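Enquirer: next input, structure requested:
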Amino acid sequence: MKISVFGAGYVGLVTGACFADLGNEVLCCDVDPEKIKKLNSGQSPFYEPGLSEMAARNTGEKRLRFSTEAAETVRFGEVIFIAVGTPPKPTGEADLSYVYAVAESIGRHLDKDDAVVITKSTVPVGTTMEVKKKITAALKTRGVDFKFSVASNPEFLREGKALEDFMIPDRVVVGIEDEQGREVMDKLYFPQTKNGHPLYFLDIASSEMAKYASNTFIAARISLINEISQICEAVGADIEKVRSAVGADKRIGQKYIYPGVGYGGSCFPKDIQALSAIAKKHGIEALVTDAIEAVNERQKSGFAEKIITHLKNTGGRKLAVWGLSFKPHTDDMRAAPALDVIDGLLSAGFTVSAYDPVAMENAKNILKDKVIFAPEMYAALEDADALAIITEWPQFKEPDFTKIKQLLKTPTIFDGRNIYEPKRMKTLGFTYISVGRPQVN
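Expert: Numbers count the residues shown, from 1 in each chain. As a prediction, this is how the structure comes out:
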């Protein structure tokens, strides 16, 4: 099939590259000429395991192209995806201006019948039908009446696992308005359904809502285990033992009940806020949804305060930080908990040195010269009074503890992801402070 994708960001590029890898012809469009230039030369503008190689391979084999020309992109595809950003407004509502700008552009340039226009961006209920209205209005202005369908196809991609999630999905969700949309989407996702991965056809409103509901459920589990971890610290219980016992219940399971510094990234924070705004717009007080975000903010600030209090009590002035991206295997710094922790330390007058395997450049663009950026993980420890682990990159899980003790002024580790075992750390001679677990004395 010929597929057009508006937006060459995270969702758009993964969608385009994966569809091309399945044999389709794909044209991705973005307004950023530097990004398009980089993509046409075989480079990805962000880090996602395997994506650069996939994009370069399909670009070289002429199945994947990139352009800044909207007219060319609209006329190329029989299927047109809208995968542009929907950033939060100050009110928490999703900013749909980029989505609607693409819709109007499609209406200005559409030149054939039977195209299917698909919202891939995370959008509130009603957005896809509003896209249809804007395309129709633009066609009417031109005096033409091309037939087209709209559909909703929310993404469920985990950063760091995006290619796997696209090719081997838990499910594919599609919202349709007619049989034309159903037939096209059935054909488009045949490689996945052939391999046994379910394709759910919903009405468009339910499809749009499914993405918000899914992210809210996951975020709720993270915030709940973090709130329980705070209670564990207060009463002397061990959250890891509690988590193991709770996760053994088949009704609950082990997924997303790992305590830590809190969630971040491009999806959970903005989608939770957007769902709350949607609820309020319709006269519903989103009590649980609002609490999810409140607990997450408290978890981040609480971890920072724990470090600040300890350093003040011990006379420390400098903290080393391992891990800056919001999760491992990505360079995404959007709403990264490390930023909140570092901001708290800097505001309290402390110096911070930091290291991350892939997110250093993005972090530098945000933090500028406020932080000392180390060339490698152990260099970050030089002259530091303590180490804080914010992101659980694999290389941090079995480091050279002897070297850590030699470099730190005091052998103190704040573990925001509970990647070490307290008794072992005590035996190694560290003051070890983690999340929701008693300190071993």
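Enquirer: can you check what pLDDT the model gives Glu308?
Expert: Just so we're on the same page, residue 308 is Ile rather than Glu. For Ile308, the pLDDT comes out at 97.
Enquirer: chain center to the longest helix anywhere in the chain, what's the gap?
Expert: For the chain, the helix that runs over the most residues, judged by DSSP state H, is helix 204-235. Taking C-alpha atoms, centre = their mean, to the nearest Å, one finds the center of helix 204-235 at 15 Å from the center of the full chain.
Enquirer: now the angle from whichever helix or strand comes after it to helix 204-235?
Expert: Following helix 204-235 in sequence order, the next helix or strand is helix 239-247 (DSSP states H and E). Interaxial angle of helix 239-247 relative to helix 204-235 (axes from the mean of the first three to the mean of the last three C-alpha atoms, to 10 degrees): 140 degrees.
Enquirer: any buried residues in helix 239-247, and which?
Expert: Within helix 239-247, the residues that qualify as buried are Ile239, Glu240, Val242, Arg243, Val246, counting by 16 or more other C-beta atoms under 10 Å. Bear in mind the C-beta positions are built from the backbone N, C-alpha and C, glycine included.
Enquirer: please name the nearest non-neighbouring residue to the third one.
Expert: Taking C-beta to C-beta, 6 or more residues apart in numbering as the measure, Val242 lies nearest to Cys232, with 6.2 Å between them; neighbours along the chain are not counted.
Enquirer: for the one you found, give me its contacts.
Expert: Counting by C-beta atoms under 8 Å, 6 or more residues apart in numbering, Cys232 makes contact with Asp238, Ile239, Val242, Gly436, Arg437.
Enquirer: got the contact list for Thr427?
Expert: By C-beta under 8 Å, 6+ apart, no residues touch Thr427.
Enquirer: what about the strands in the chain?
Expert: Along the chain, the stretches classed as strands by DSSP state E are 2-6, 25-29, 64-67, 79-82, 115-119, 148-152, 172-176, 199-203, 318-322, 351-355, 372-373, 386-389, 412-415, 431-433.
Enquirer: partner strands of the fourth one, with direction?
Expert: For strand 79-82, the paired strands and their directions (DSSP bridges) are strand 2-6 (parallel), strand 115-119 (parallel).
Enquirer: and what of the shortest one?
Expert: Strand 372-373 has the following sheet partners, assigned by DSSP bridges: strand 351-355 (parallel).
Enquirer: the last one now?
Expert: When pairing is defined by DSSP bridges, strand 431-433 lines up against strand 412-415 (parallel).
Enquirer: CA atoms of the partner strand as CSV?
Expert: Output of strand 412-415 as CSV, limited to C-alpha atoms (Å, rounded to 0.1, in the frame of the first residue of the first chain):
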residue,chain,number,x,y,z
THR,A,412,26.5,6.9,50.1
ILE,A,413,24.0,5.8,47.4
PHE,A,414,20.4,7.0,47.0
ASP,A,415,18.7,4.4,44.8
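Enquirer: what about it, distance to the chain center?
Expert: Centroid separation between strand 412-415 and its chain, computed with C-alpha atoms, centre = their mean, is 26 Å.
Enquirer: what's it in contact with?
Expert: Strand 412-415 is touched from outside by 303, 306-307, 310, 314, 316, 385-389, 404, 420, 425, 430-435, with contacts defined as C-beta under 8 Å, 6+ apart.
Enquirer: span of stretch 280-294 from start to end?
Expert: Start to finish, the residues bounding stretch 280-294 are 17 Å apart (C-alpha to C-alpha, to the nearest Å).
Enquirer: give the rounded mean pLDDT of it.
Expert: Mean pLDDT, computed over stretch 280-294, is 96.
Enquirer: then stretch 317-330?
Expert: pLDDT averaged over stretch 317-330 gives 97.
Enquirer: what are the buried residues along that stretch?
Expert: 318-330.
Enquirer: run the chain-centre distance for it.
Expert: Centre-to-centre, stretch 317-330 and its host chain are 16 Å apart (C-alpha atoms, centre = their mean).
Enquirer: from the opening residue of it to its closing one, how far?
Expert: For stretch 317-330, the end-to-end distance is 30 Å (C-alpha to C-alpha).
Enquirer: what's the answer for stretch 407-415, then?
Expert: 17 Å.
Enquirer: what residues sit buried inside it?
Expert: Using 16+ other C-beta under 10 Å as the test for burial, stretch 407-415 gives Leu407, Leu408, Lys409, Thr410, Pro411, Thr412, Ile413, Phe414, Asp415.
Enquirer: likewise for stretch 199-216?
Expert: Of the residues in stretch 199-216, Leu199, Ile204, Ala205, Ser207, Glu208, Met209, Ala210, Lys211, Tyr212, Ser214, Asn215, Thr216 count as buried by neighbour count, 16+ other C-beta under 10 Å.
Enquirer: where does pLDDT dip in this protein?
Expert: For the chain, no stretch is flagged by pLDDT under 70.
Enquirer: domains of it: list them as residue ranges, please.
Expert: Using automatic domain parsing, the domains assigned to the chain come out as 2-197, 217-433.
Enquirer: got these as TSV, with distance to Asn441 columns?
Expert: Conversion of these to TSV gives the following (distance: least, C-beta to C-beta, whole Å):
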stretch	distance to Asn441
domain 2-197	37
domain 217-433	8
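Enquirer: pull the residues that contact stretch 48-65.
Expert: 10, 13-14, 16-18, 20-21, 23-28, 39-40, 42-44, 66, 159-160, 162-163, 329-330.
Enquirer: and it, how far apart are its ends?
Expert: For stretch 48-65, the end-to-end distance is 19 Å (C-alpha to C-alpha).
Enquirer: can you list the buried residues in that stretch?
Expert: Neighbour counts over stretch 48-65 (16+ other C-beta under 10 Å) mark Glu48, Leu51, Ser52, Met54, Ala55, Ala56, Asn58, Thr59, Arg63, Leu64, Arg65 as buried.
Enquirer: same check, this time on stretch 279-298
Expert: So stretch 279-298, judged by 16+ other C-beta under 10 Å, has buried residues Ala279, Lys280, Ala286, Thr289, Asp290, Ile292, Glu293, Val295, Asn296, Arg298.
Enquirer: now stretch 79-93
Expert: Buried residues in stretch 79-93, counted by 16+ other C-beta under 10 Å: Val79, Ile80, Phe81, Ile82, Ala83, Val84, Gly85, Thr86, Pro88, Gly92, Glu93.
Enquirer: now the helices for the stretch 51-200 of the chain?
Expert: Applying DSSP state H, counting those that start in this stretch to the stretch 51-200 of the chain gives helices spanning 51-60, 70-76, 97-109, 127-142, 162-167, 179-188, 190-194.
Enquirer: pick the most deeply packed of the ones you listed.
Expert: A comparison of the helices of the stretch 51-200 of the chain by mean neighbour count, using mean count of other C-beta atoms under 10 Å, puts helix 97-109 on top with a mean of 20.
Enquirer: how about that one as CSV, C-alpha atoms only?
Expert: The C-alpha trace of helix 97-109 is given here as CSV (Å, rounded to 0.1, in the frame of the first residue of the first chain):
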residue,chain,number,x,y,z
SER,A,97,-3.7,23.0,16.5
TYR,A,98,-1.1,20.8,14.7
VAL,A,99,-3.7,18.0,14.1
TYR,A,100,-6.2,20.5,12.7
ALA,A,101,-3.5,22.2,10.6
VAL,A,102,-2.8,18.9,8.9
ALA,A,103,-6.5,18.2,8.4
GLU,A,104,-6.9,21.6,6.6
SER,A,105,-3.8,20.8,4.5
ILE,A,106,-5.3,17.4,3.5
GLY,A,107,-8.5,19.2,2.4
ARG,A,108,-6.5,21.7,0.3
HIS,A,109,-4.5,19.0,-1.5
